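Engineer: Build me a model:
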Amino acid sequence: MQTMKKIDLPLWSDTLFFFGCSFLVTLCILRYYRIGLWLAAVLSLMLALGLAVGVFAVNYWRRRKKYLLRRDREEKEKLMLHLALSAPAANEKLFAPVLEERREEAYLLFTMQPLSADAVAEKIKLCPEGKTFRLYCNALTPEAARLCESFSVPVTDGDEAYALLKERGALPEKYICGEKKRRGVRERLKIGLRKKNSRSFFVGGAALLVLSLFSFFPLYYIIGGCVLIFTSVLVRIFGYA
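Structural biologist: Coordinates of the predicted model:
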């Protein structure tokens, strides 16, 4: 199973935020009770590190779970597109392990849009009286779902089809249109430096300057706020339309 390869900046920023907050609060409290500076700093550092490690562990587990769920969802969407664009013979070959195991009459009708009631009715007409079949599809329209229910036609939708193939290790090695076009650095820079984004830079800078009025160490907030506001001015003047 693949893991998160890219650096998770929000995870690290959250960890550093909690570390900084806990360190500063603890240091100020200990100094208030007149504990020596070096002893207070060491105790605050130890407490902040412990809290940061705990926050990192909890957030990492939560984010990893979300990542895996998102990855499954994206792979399932790529599979549905692949099945809709593949030839019927290719889909039958892909589902061969499932069909052999279930040993039942089946129709594979994967389409770009939810399967219509007319398409289901055509298959029901071809089915001999007294027999039934299983329908494999991406999704059904409400009318098609009611028709399948009326004629006791079992349905394997996209979610179940993906799960069946994944359990048997039968997912395609390469998906049709499966590669996402990645934006280059220049393209991402153009998006980030659009003139309309100057407001975001300004709001962030203004917020930091306001926070500096209530901070024990206002210098960092003042520097960060001025940088963001200066950036907002440059983006407003020279940014991309």
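Engineer: which stretches of this protein have low pLDDT?
Structural biologist: Where the chain drops to pLDDT under 70, the residues are 1-11, 63-70, 130, 178-186, 241.
Engineer: Next, give phi and psi for the residue of the chain most remote from its centre.
Structural biologist: Within the chain, the residue lying farthest from the chain centre (Cα atoms, centre = their mean) is Arg34, at 48.0 Å. Dihedral pair for Arg34: phi 60, psi 40, per degrees, to the nearest 10.
Engineer: Moving C-terminal from the longest helix anywhere in the chain, which element do we reach first?
Structural biologist: Using DSSP state H to define each element, the chain has its longest helix at helix 37-85. Following helix 37-85 in sequence order, the next helix or strand is helix 88-94 (DSSP states H and E).
Engineer: Which elements pack onto that next one?
Structural biologist: strand 106-109 (3 or more Cβ pairs under 8 Å, 6 or more residues apart in numbering; DSSP states H and E). C-betas here are computed from N, CA, C, even on glycine.
Engineer: and the strand it packs on, which strands flank it?
Structural biologist: strand 134-137 (parallel) (DSSP bridges).
Engineer: which residues are contacting the strand it pairs with?
Structural biologist: 95, 102, 104-111, 114-115, 120, 123, 148, 153-158, 161 (Cβ atoms under 8 Å, 6 or more residues apart in numbering).
Engineer: Counting neighbours, which of those end up buried?
Structural biologist: Buried residues within the contacts of strand 134-137, defined by neighbour count using 16 or more other Cβ atoms under 10 Å: 95, 106-110, 114-115, 120, 123, 148, 153, 155-158, 161.
Engineer: Phe216 in helix, strand or coil?
Structural biologist: At Phe216 the chain is in coil, as set by DSSP: H, G, I helix; E, B strand; the rest coil.
Engineer: That one contacts Leu24, correct?
Structural biologist: Yes: between Phe216 and Leu24 there is a contact at 6.4 Å, judged by Cβ atoms under 8 Å.
Engineer: Neighbour count: these two, which is higher?
Structural biologist: Leu24 (15 against 8; other Cβ atoms under 10 Å).
Engineer: What residues does the more buried one make contact with?
Structural biologist: Taking Cβ under 8 Å, 6+ apart, we find Leu24 in contact with 44, 216-217.
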